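A.B. asks: let me see the structure of the following:
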Amino acid sequence: MAGRSYPSFTSPADAEQSIRVAREGLTKPDATGLMHTDTEGLSRLKQAEIALAIADYECQTDVDYQPRLRAVTHQYQERFVAEHRAELEAWVLYETEQRSGR
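C.D. replies: As a prediction, this is how the structure comes out:
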């Protein structure tokens, strides 16, 4: 993201969080306690969010992010299952017995 004018974002989650925080800052209570949204600010945030989403998409495409993430996630899942197979099988047996009324 640094090459696209967003040097502080190191992950898609960082980009999403920045928009969430900005959105929260646009809604404030008035003197009576009712919440009001800064509609002009919301409009500017929408444009910023679109630009950020495009940059995020392009960066993810450039580094083949989604396929690589799936591959790494799959590797970790396989490792977890291998390390905890006995516990997982015991849990499946327990759940099966509970559903069958034993």
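A.B. asks: contacting residues around the residue nearest the centre of the chain?
C.D. replies: The centroid of the chain falls nearest to Ala13 when counting by Cα atoms, centre = their mean (4.9 Å). Neighbour list for Ala13: empty [criterion: Cβ atoms under 8 Å, 6 or more residues apart in numbering]. Where you see a C-beta, it was placed from the backbone N, CA and C, and this is true even at glycine.
A.B. asks: use 12 as the first number for this chain going forward.
C.D. replies: Noted, 12 is the first residue going forward, which turns the last one into Ala24.
A.B. asks: helix or strand for it, which one?
C.D. replies: helix 23-35 (DSSP states H and E).
A.B. asks: CA-only coordinates of that helix in CSV, if you can.
C.D. replies: Provided in CSV are the C-alpha atoms of helix 23-35 (Å, rounded to 0.1, in the frame of the first residue of the first chain):
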residue,chain,number,x,y,z
PRO,A,23,-6.2,-5.2,4.4
ALA,A,24,-7.4,-5.2,8.0
ASP,A,25,-5.5,-1.9,8.6
ALA,A,26,-7.4,-0.3,5.7
GLU,A,27,-10.8,-1.5,6.9
GLN,A,28,-10.1,-0.4,10.5
SER,A,29,-9.1,3.1,9.3
ILE,A,30,-12.5,3.5,7.6
ARG,A,31,-14.3,2.2,10.7
VAL,A,32,-12.6,4.6,13.0
ALA,A,33,-13.2,7.6,10.6
ARG,A,34,-16.9,6.6,10.3
GLU,A,35,-17.2,6.5,14.1
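A.B. asks: list the buried ones in the host helix or strand of Ala97?
C.D. replies: Using DSSP H and E, the element containing Ala97 is helix 76-111. Neighbour counts over helix 76-111 (16 or more other Cβ atoms under 10 Å) mark no residue as buried.
A.B. asks: gap between it and the chain center?
C.D. replies: 22 Å (Cα atoms, centre = their mean, to the nearest Å).
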